[in-house]
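Peer 1: Kindly return the folded structure for what I paste below:
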Amino acid sequence: AANILLQKFPHQSTTTTDTAAKSKGIRRILIIDLDVHQGNGNAAIFQGNDKVKTFSVHCRSNYFSKKEESDLDIELPAGCTDDTYLSTLKHWLRRIEEHPFDDNNEQGKQGQKPFDFIFYQAGVDIHKDDRLGRLSISQEGISKRNHLVFDFAIRMRAPLVICMGGGYPRDDWAPILNAHAGVYIEAHQ
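Peer 2: Next comes the predicted model:
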């Protein structure tokens, strides 16, 4: 989807008579991948592409395929609980928010937002009842995670696209299904 946005809406800058630069199209996209597994697909696809920044928070001991290098990879230990997960995510979202992406760009100095679009891979395989996840995040923790991302997108003034992520039930499907539904219900509220 990010590639389609970049192709259909390429960034174009024009200068108007008042010398303020105006932009059209997509300048930069952020992918926030919070699935329990590293966002290696996005990392590989967009490696070296300055128009797409990839940020992955994942379990360090849960790689099922080749590890790739995201723009920002944060590995958490197996068994990680709400407090560590949420404080880590909050810290790195704040760092991304404070990063001067457009330091060498006059438009950035005029208050242009750093991202035109944010994709949120909302994996619920971080749930404590997930069969494959190896993290121990409660339903309340997942809800708080979602709100951290929603609030971040609002502060960034960027549209947010939510993508369903992993979630693998043991015997009882209810916790995983509730976690998936919660992502969208909370976004709507």
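
Peer 1: residues in contact with the helix or strand where Trp92 lies?
Peer 2: Using DSSP states H and E, the element containing Trp92 is helix 82-98. Residues external to helix 82-98 that are found in contact with it (CB atoms under 8 Å, 6 or more residues apart in numbering): 30, 34, 53, 55, 57, 72, 74, 76, 126, 135, 137-138, 140-141, 144-145, 148-149, 152, 155-156. All C-beta spots, glycine's among them, are computed from the backbone N, C-alpha and C.

Peer 1: Give me the subset of those residues lying in helices.
Peer 2: Here DSSP state H is the test, and these give Glu140, Gly141, Lys144, Arg145, Leu148, Val149, Phe152, Arg155, Met156 as lying in helices.

Peer 1: Which stretches in this protein count as strands?
Peer 2: Using DSSP state E, the strands of the chain run over residues 12-15, 21-24, 29-33, 52-59, 72-76, 117-122, 160-164.

Peer 1: export the ones you listed to CSV and tack on mean pLDDT and distance to Asp83?
Peer 2: Formatted as CSV, the strands of the chain follow (pLDDT from 0 to 100; distance: least, CB to CB, whole Å):
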stretch, mean pLDDT, distance to Asp83
strand 12-15, 60, 44
strand 21-24, 59, 40
strand 29-33, 98, 20
strand 52-59, 97, 14
strand 72-76, 97, 12
strand 117-122, 98, 20
strand 160-164, 97, 24
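
Peer 1: what's the closest of those strands to Gly182?
Peer 2: strand 117-122 (9.4 Å; CB to CB).

Peer 1: Any chance you could list what contacts the closest one?
Peer 2: Applying CB under 8 Å, 6+ apart, the contact partners of strand 117-122 are 1-2, 5, 26, 29-35, 39, 42, 146, 149, 152-153, 156, 158-165, 183.

Peer 1: what does stretch 65-73 give?
Peer 2: By CB under 8 Å, 6+ apart, stretch 65-73 touches 33, 38-44, 47, 53-56, 58, 92, 96.

Peer 1: ok, 7 Å please
Peer 2: Contact with stretch 65-73 is made by Gln38, Gly39, Asn40, Ala43, Ala44, Gln47, Lys53, Thr54, Phe55, Ser56, Trp92, as judged by CB atoms under 7 Å, 6 or more residues apart in numbering.

Peer 1: Stretch 160-172 too?
Peer 2: Residues from elsewhere that reach stretch 160-172, judged by CB under 7 Å, 6+ apart: 1, 35-37, 117-125, 127, 129-132, 150, 153, 176, 179-180, 183-184, 187.

Peer 1: among those, which ones are buried?
Peer 2: 35-37, 117-125, 127, 129-130, 150, 153, 176, 179-180, 183, 187 (16 or more other CB atoms under 10 Å).

Peer 1: what's the pLDDT at the residue lying closest to Arg27 once chain neighbours are set aside?
Peer 2: Among residues not flanking Arg27 along the chain, His11 sits closest, at 4.5 Å (CB to CB, 6 or more residues apart in numbering). Looking at His11, its pLDDT stands at 80.
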